[in-house]
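Chemist: predicted model and sequence below, questions to follow.
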Amino acid sequence: QVQLVESGGGLVQAGDSLRLSCAASEGTFSRYVMGWFRQAPGKEREFVVAISKSGDATYTADSLKGRFTISRDNTKNMVWLQMHNLKPDDTGLYYCAASERTPDWVTGYDYWGQGTQVTVSS
């Protein structure tokens, strides 16, 4: 079972950039597709972006393409979410998740972190 710990959240202004980190405890980190999700107050959790086990492919929610990117380093058991041109609507709790067999990048995540808060002020 992999444990995930997110970090890097905070309070930023609209237009700023921010990079979130996710550290995984699992030694065989490369067996997991890794994803980022977020949940705004009063809303359901939504998919943000995911990266393949080897890191050679990514899938981003349409509404976030061009602003959010994901990367990973399997030698360090780390995955990152780089966010640019942040907007107040990006405010939420951001979660890192791991999946061994996601069928569609978006569902099938088995392990979740506790989340890191991102707040974007206007």
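Modeler: Here it is on my side, so go on. This is a predicted model, so every value here is computed, not measured.

Chemist: what's the local residue count around the residue nearest to residue 111 when sequence neighbours are not counted?
Modeler: Of all residues not flanking residue 111 in the chain, residue 98 sits nearest, at 4.3 Å (C-beta to C-beta, 6 or more residues apart in numbering). For the C-beta atoms, the positions are set from N, CA and C on the backbone; glycine is no exception. Applying other C-beta atoms under 10 Å, we find 24 other residues in the vicinity of residue 98.

Chemist: and residue 98, bridged to which residues?
Modeler: Here residue 98 sits in beta bridges with residue 34, residue 111, as judged by DSSP bridges.

Chemist: Provide a list of residues in contact with it.
Modeler: Each residue near residue 98 by C-beta atoms under 8 Å, 6 or more residues apart in numbering is listed here: 2, 4, 24, 26, 32, 33, 34, 35, 109, 110, 111, 112.

Chemist: got a quick PyMOL command for the buried subset of those residues?
Modeler: Only the buried members of the contacts of residue 98 enter the following PyMOL selection, criterion being 16 or more other C-beta atoms under 10 Å:
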select buried, resi 2+4+24+32+33+34+35+109+111+112
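
Chemist: from the contacts of residue 98, which two are the most distant?
Modeler: Greatest spatial distance among those (C-beta to C-beta): 26 and 35, at 14.9 Å.

Chemist: and the residue nearest to residue 111, how close does it get to residue 120?
Modeler: Using C-beta to C-beta, to the nearest Å, one gets 26 Å for the distance from residue 98 to residue 120.

Chemist: tell me the contacts of the residue positioned nearest the centre of the chain?
Modeler: Centrality entry for the chain: nearest residue to the mean C-alpha point is residue 36, 2.3 Å, by C-alpha atoms, centre = their mean. With contacts defined as C-beta under 8 Å, 6+ apart, the neighbours of residue 36 are 20, 22, 48-50, 68, 70, 79, 81, 94-97.
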